[in-house]
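A.B. asks: 3D, please:
(chains A, B, C and D)
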4 protein chains.
Amino acid sequence: MMATLGAEIAAVRSGEVEIVLPFAAGILQQHDFIHAGAVAAIADTACGFAALTVMPREAAVLTTEFKINLLAPAKGERLRAIGRVVRGGKKLVITLGEVFAEEGSARKQVALITATMMVVDTGTGLRD
Amino acid sequence: MMATLGAEIAAVRSGEVEIVLPFAAGILQQHDFIHAGAVAAIADTACGFAALTVMPREAAVLTTEFKINLLAPAKGERLRAIGRVVRGGKKLVITLGEVFAEEGSARKQVALITATMMVVDTGTGLRD
Amino acid sequence: MMATLGAEIAAVRSGEVEIVLPFAAGILQQHDFIHAGAVAAIADTACGFAALTVMPREAAVLTTEFKINLLAPAKGERLRAIGRVVRGGKKLVITLGEVFAEEGSARKQVALITATMMVVDTGTGLRD
Amino acid sequence: MMATLGAEIAAVRSGEVEIVLPFAAGILQQHDFIHAGAVAAIADTACGFAALTVMPREAAVLTTEFKINLLAPAKGERLRAIGRVVRGGKKLVITLGEVFAEEGSARKQVALITATMMVVDTGTGLRD
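C.D. replies: Numbering: from 1, shown residues only, chains lettered A, B, ... in the order given. Sure, this is the predicted structure:
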């Protein structure tokens, strides 16, 4: 999905991951802004990867829910999603993410996400 | 975005819209389920289109926020998102949506979404 | 908390619980509608109790997150919150709830909630 | 409602408001933690008051939706909710809030909220 959208991981720190999505014709909605679904996809992915940075190597995570506020139209050269762990736990990891539209050196926040990641038992065969 | 994902409108009724998304390799996440972002994209779009069915012809809507609970892995032949208007208003339209995974005649609910659509003044040049 | 607000359980069915909250001066906000916090409290409680109806007798649940859309001002003789289980699971139970304002035999929906309940290991000593 | 719970405004800055709620028997749930509804009530109120600090004096706000993640049991001497404006607008104000449990000088985050406030036309007679 990230490859279909054209998104790439831009930074990985403990408890924090950045994903960048360049503007492209295939991810627009009917007003030529980047579709809310694409904004949500990179925000959710940044949060899920941030959760993985605080988990044991063999663990996997699945998003159980997220809520996103869309603050402004998503337009510019690229989007940058930054996901951070707010609270880790053995069963659930709670994350907070921000998405910015960037144009040259200017950036504007376009979305705010909170997401719950469920830690998946590796006995299920799921592995990130 | 809907074209990129391969989604199509399957039904339009007053206050209710269905969107179908066939399973495809480009929309999977790392566990080979359909990516939460794609599930969210069709759920949000079904809700937005449902809101449009109760608006004057010249009005447009923008999603201001949505929250999605992912109930089960999204796998099967296709996903079907059904968006419904819960409450219409002059400024905001509140919607509720369900996403089902379908395999032959069987179907299982995989997501639940609530979304707020902001009615956009057509004087801004936005038009759906 | 339910006693402080004056709320009472009005019905319990498998997977569904109703809670009624009579209008009272102590639960109003500054515009004399029932405070969003009180609306949320009974909606969350109805959802949590609904989750308990599908759990083993010794299990307990804790709300891990909820999202509420406030559809209309909460005013009338009483509020009725109806919580339903959308999907049960061993770790998480996903619920959907509606809150109605009632005046005589008339009723109007004033809120929509989705909530995730975490099933708590009874080994922790928590018990509902 | 704030008086019923025993909550008080502790700080008001431009775009940010703090509310403190002392521990009291009447706001507990069945496990003797402060009820999620009380946590949500002060978080929502802090966010709403934060929105008011960036509005014209004659404007009023109503919560249209909020989502809260409950991160840890709410226990201690008091709760402190801090609400902040993330994005102001003429129609909607988006806010982010955190709730902390405090015990002496120690504090632990127990909740994370995002809320949308609708700016109310003062022609309706609503006034904060």
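A.B. asks: surely residue A:28 is in contact with residue B:1?
C.D. replies: Yes: counting by CB atoms under 8 Å, residue A:28 touches residue B:1, with 6.4 Å between them. All C-beta spots, glycine's among them, are computed from the backbone N, C-alpha and C.
A.B. asks: list the residues that are in contact with both of those two.
C.D. replies: Common contacts of residue A:28 and residue B:1 (CB atoms under 8 Å, 6 or more residues apart in numbering or on different chains): residue A:35.
A.B. asks: where does pLDDT dip in chain A?
C.D. replies: A:122-128 (pLDDT under 70).
A.B. asks: now with 90?
C.D. replies: Low-confidence segments of chain A, defined by pLDDT under 90: A:1-6, A:23-38, A:56-59, A:73-76, A:120-128.
A.B. asks: what's the longest helix in it?
C.D. replies: Determined from DSSP state H, the single longest helix within chain A is helix A:36-53.
A.B. asks: returning to what we had before: who has more neighbours, residue A:28 and residue B:1?
C.D. replies: Applying other CB atoms under 10 Å in any protein chain shown to residue A:28 and residue B:1 shows that residue B:1 carries more neighbours, namely 22 against 18.
A.B. asks: mind listing what's buried in the helix or strand following the longest helix of chain A?
C.D. replies: Counting by DSSP states H and E, the next helix or strand C-terminal to helix A:36-53 is strand A:60-70. Within strand A:60-70, the residues scored as buried using 16 or more other CB atoms under 10 Å in any protein chain shown are A:60-70.
A.B. asks: near chain B too, which of the residues you listed?
C.D. replies: With respect to chain B, and counting by CB under 8 Å from any CB of the partner chain, the subset of the buried residues of strand A:60-70 in contact is A:60, A:62-70.
A.B. asks: which ones among those also lie next to chain C?
C.D. replies: A:64-65, A:67.
A.B. asks: from those residues, which is closest to chain B?
C.D. replies: The shortest approach to chain B among those belongs to residue A:67, at 3.7 Å (CB to the nearest CB).
A.B. asks: the closest one and residue B:101: what is the separation?
C.D. replies: Residue A:67 sits 22 Å away from residue B:101, going by CB to CB, to the nearest Å.
A.B. asks: equivalent analysis for residue A:87, please.
C.D. replies: Applying CB to CB, the value for residue A:87 to residue B:101 is 31 Å.
A.B. asks: neighbour count: those two, which is higher?
C.D. replies: The neighbour count for residue A:87 versus residue B:101, taken as other CB under 10 Å, is higher for residue B:101 (24 against 17).
A.B. asks: what distance do you get for the more buried one to chain A?
C.D. replies: Per CB to the nearest CB, to the nearest Å, residue B:101 is found 15 Å from chain A.
A.B. asks: in what helix or strand does that residue lie?
C.D. replies: strand B:92-103.
A.B. asks: please identify the buried residues of that strand?
C.D. replies: Within strand B:92-103, the residues that qualify as buried are B:92-102, counting by 16+ other CB under 10 Å.
A.B. asks: which member of the residues you listed is positioned nearest chain C?
C.D. replies: Using CB to the nearest CB, the buried residues of strand B:92-103 come closest to chain C at residue B:94, 5.1 Å.
A.B. asks: can you name the residues that contact that closest one?
C.D. replies: Residue B:94 neighbours (CB under 8 Å, 6+ apart): B:85-87, B:114-117, C:69, C:71, C:112.
A.B. asks: which parts of chain A sit against chain D?
C.D. replies: Residues of chain A found near chain D (CB under 8 Å from any CB) are A:67, A:69, A:71-72, A:86-87, A:94, A:96, A:109, A:112, A:114, A:116.
A.B. asks: chain B contacts on chain A?
C.D. replies: So far as CB under 8 Å from any CB goes, chain A lies against chain B at A:1-5, A:26-31, A:35-38, A:40-42, A:44-45, A:60, A:62-70, A:73, A:126, A:128.
A.B. asks: just give me the closest of the ones next to chain B among the buried residues of strand A:60-70 to residue A:52.
C.D. replies: Nearest to residue A:52 among these is residue A:60, at 7.9 Å by CB to CB.
A.B. asks: wait, that closest one sits on residue A:117?
C.D. replies: No: applying CB under 8 Å as the test, residue A:60 and residue A:117 come out as separate, 9.7 Å apart.
A.B. asks: quick check: the residue lying closest to residue A:40 once chain neighbours are set aside vs chain D, distance?
C.D. replies: Distances taken as CB to CB, 6 or more residues apart in numbering or on different chains place residue B:40 nearest to residue A:40, at 4.7 Å, with adjacent residues excluded. For residue B:40, the distance to chain D (CB to the nearest CB) stands at 15 Å.
A.B. asks: kindly report the same for residue A:76.
C.D. replies: 16 Å.
A.B. asks: what about residue A:118, how many neighbours?
C.D. replies: Quick note: residue A:118 (other CB under 10 Å) scores 21 neighbours.
A.B. asks: and it, bridged to which residues?
C.D. replies: Note on residue A:118: beta-bridge partners residue A:62, residue A:92, judged by DSSP bridges.
A.B. asks: how about it, what does it touch?
C.D. replies: Going by CB under 8 Å, 6+ apart, residue A:118 touches A:61-64, A:91-92, C:91-92.
A.B. asks: out of those, the closest to chain B would be?
C.D. replies: Distance to chain B across the contacts of residue A:118 (CB to the nearest CB) is lowest for residue A:63, with 4.8 Å.
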